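Participant: Fold the following, please.
(2 chains)
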There are 2 protein chains.
Amino acid sequence: MNWDLTRPGEIETAAPTLFNAGLVFIGVIRTPYLTRDDCPRQGSADGPMCRIEVADLWKPALKGLEAYERIEVLYWMHQARRDLLVQNPKSDGMTFGTFALRSPVRPNPIATASCVLVAVENGAVLVRGLDCVDGTPLLDLKPDRRGFVPQATPNPGEVTRGETSAAN
Amino acid sequence: MNWDLTRPGEIETAAPTLFNAGLVFIGVIRTPYLTRDDCPRQGSADGPMCRIEVADLWKPALKGLEAYERIEVLYWMHQARRDLLVQNPKSDGMTFGTFALRSPVRPNPIATASCVLVAVENGAVLVRGLDCVDGTPLLDLKPDRRGFVPQATPNPGEVTRGETSAAN
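Facilitator: A predicted model of the protein is given here:
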């Protein structure tokens, strides 16, 4: 598949060249998917085990992660173009705005995946539920919001309410 | 509260200065929280309405977003330091690795929030469930993974399985 082809009905803008903030890659994700054509559209909790290799500098930051059943994995979809406003995902003429899709093609190609944590071993994190290509740069790991209660004490102005969205 | 104080037991590293990829801010988030001390620790589905103002360039990318009940909002925690490996969230000596917390302090301070979509109006998106400070830069909007089915046809190598993690 030609991933960089613009399809009928798609609306392009200029690819960003001036940036407002910088990202550091903190590791690399190893998966069985060697090319984008091999990747499933969505990862699955009973999909293959994948190995997240955290850079040595950041290994101390894994302390306590093993307590969680599910973790959120943020990664950089380094092969995706960034310049489509409106997309035609099925090549059938039906178009959707980029923000109404979970397509890799977006102005900031950051993926968020909710994964089953299998193990944390020697600074590597083993998970199921990823769908990215082998070699994808890692941006962040966090406890999944569904299983997380903040450790910090409430802020002065804070009122506690019902279901949380656990933003951070 | 002094947000930049290093607490007992916390482990610092150098703040990143060389970056691997660049982000563009695609809008700004308006909330009732004027300072970090005003922000709740977690947003709530019955919290106050917040207004996400998408930049003019990216407004066409909202097409179809109104179909979703919940959306994922990614934003840049622009006030957060980025140099802690291990944190002491309660100032009580109990320490946790940065990746075992949803603290704003992390190497790439990207927040992911699952919000209730109230309306899309003239390029602004009204939601409940955010907990960020007024003026926070917007990075991305996507349908929440729990309510989203990919529009694109499966890839050649793809096998469909059980619960998805909807990474992208």
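Participant: Now do the same for A:E66: helix, strand or coil?
Facilitator: helix (DSSP: H, G, I helix; E, B strand; the rest coil).
Participant: Find the nearest non-adjacent residue to it, please.
Facilitator: A:V120 (4.6 Å; CB to CB, 6 or more residues apart in numbering or on different chains). The C-beta positions use only the backbone N, C-alpha and C, and glycine is treated the same way.
Participant: Correct me if wrong: that neighbour contacts A:G64.
Facilitator: No: using CB atoms under 8 Å, A:V120 is not in contact with A:G64, being 9.5 Å away.
Participant: okay, the two: which has more neighbours?
Facilitator: A:V120 (25 against 20; other CB atoms under 10 Å in any protein chain shown).
Participant: what about that one, is that helix, strand or coil?
Facilitator: Counting by three-state DSSP, the three-state call for A:V120 is strand.
Participant: what is it paired to in the beta sheet?
Facilitator: A:V125 (DSSP bridges).
Participant: mind listing the strands for chain A?
Facilitator: Assigned strands in chain A, in chain order: A:11-12, A:21-23, A:27-30, A:49-54, A:70-76, A:84-87, A:96-97, A:110-121, A:124-128, A:136-143 (criterion: DSSP state E).
Participant: Using TSV, lay out those strands together with mean pLDDT.
Facilitator: Formatted as TSV, those follow (pLDDT from 0 to 100):
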stretch	mean pLDDT
strand A:11-12	96
strand A:21-23	98
strand A:27-30	98
strand A:49-54	98
strand A:70-76	98
strand A:84-87	98
strand A:96-97	98
strand A:110-121	97
strand A:124-128	98
strand A:136-143	98
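Participant: Minimum distance to B:W76: which of those strands has it?
Facilitator: strand A:21-23 (5.7 Å; CB to CB).
Participant: tell me which strands and helices that closest one is in contact with?
Facilitator: strand B:21-23 (3 or more CB pairs under 8 Å, 6 or more residues apart in numbering or on different chains; DSSP states H and E).
Participant: how about the strand it packs on: buried residues?
Facilitator: B:21, B:23 (16 or more other CB atoms under 10 Å in any protein chain shown).
Participant: Same check on stretch A:9-25?
Facilitator: So stretch A:9-25, judged by 16+ other CB under 10 Å, has buried residues A:10-11, A:13, A:16, A:21, A:23-25.
Participant: And these, which is closest to A:R36?
Facilitator: The shortest gap between A:R36 and any of the buried residues of stretch A:9-25 belongs to A:E10, at 17.6 Å (CB to CB).
Participant: Look at the closest one and report its pLDDT.
Facilitator: You'll see A:E10 listed with a pLDDT of 97.
Participant: mind listing what it touches?
Facilitator: A:84, A:86-88, A:95 (CB atoms under 8 Å, 6 or more residues apart in numbering or on different chains).
Participant: Check A:L85 too.
Facilitator: Contacts of A:L85 (CB under 8 Å, 6+ apart): A:11-13, A:97-98, B:58, B:60-61.
Participant: And A:E69, by the same measure?
Facilitator: A:E69 touches A:116-117, A:144, A:147, counting by CB under 8 Å, 6+ apart.
Participant: and A:E158, what pLDDT?
Facilitator: On the pLDDT scale, A:E158 gets 66.
Participant: quick one on the thing from earlier: now, which of the contacts of A:E10 lie close to chain B?
Facilitator: A:86, A:95 (CB under 8 Å from any CB of the partner chain).
Participant: out of the contacts of A:E10, which is most surrounded?
Facilitator: A:Q87 (26 neighbours).
Participant: for it, which residues make a bridge with it?
Facilitator: A:F96.
Participant: That one: what's it in contact with?
Facilitator: A:Q87 sits in contact with A:7, A:10, A:95-98, A:101, A:103, A:105, where contact means CB under 8 Å, 6+ apart.
Participant: and the two most separated of those residues?
Facilitator: Every pair of the contacts of A:Q87 checked by CB to CB; the farthest is A:R7 and A:G97, at 14.6 Å.
Participant: The two: which has the busier surroundings?
Facilitator: Taking neighbours as other CB under 10 Å, A:R7 and A:G97 compare with A:G97 leading, 22 against 15.
Participant: Model confidence score at the closest residue to that one other than its chain neighbours, please.
Facilitator: In space, and not counting its chain neighbours, A:G97 is closest to B:K63: 3.4 Å by CB to CB, 6+ apart. With respect to pLDDT, B:K63 scores 98.
Participant: hmm, back to that, out of the strands of chain A, flag the one nearest A:Q151.
Facilitator: strand A:136-143 (10.2 Å).
Participant: What pairs with the closest one, parallel or antiparallel?
Facilitator: Partners of strand A:136-143 in its sheet, by DSSP bridges: strand A:27-30 (antiparallel), strand A:70-76 (antiparallel).
Participant: What angle do strand A:110-121 and that strand make with each other?
Facilitator: Relative orientation of strand A:136-143 and strand A:110-121, computed by axes from the mean of the first three to the mean of the last three CA atoms, to 10 degrees: 70 degrees.
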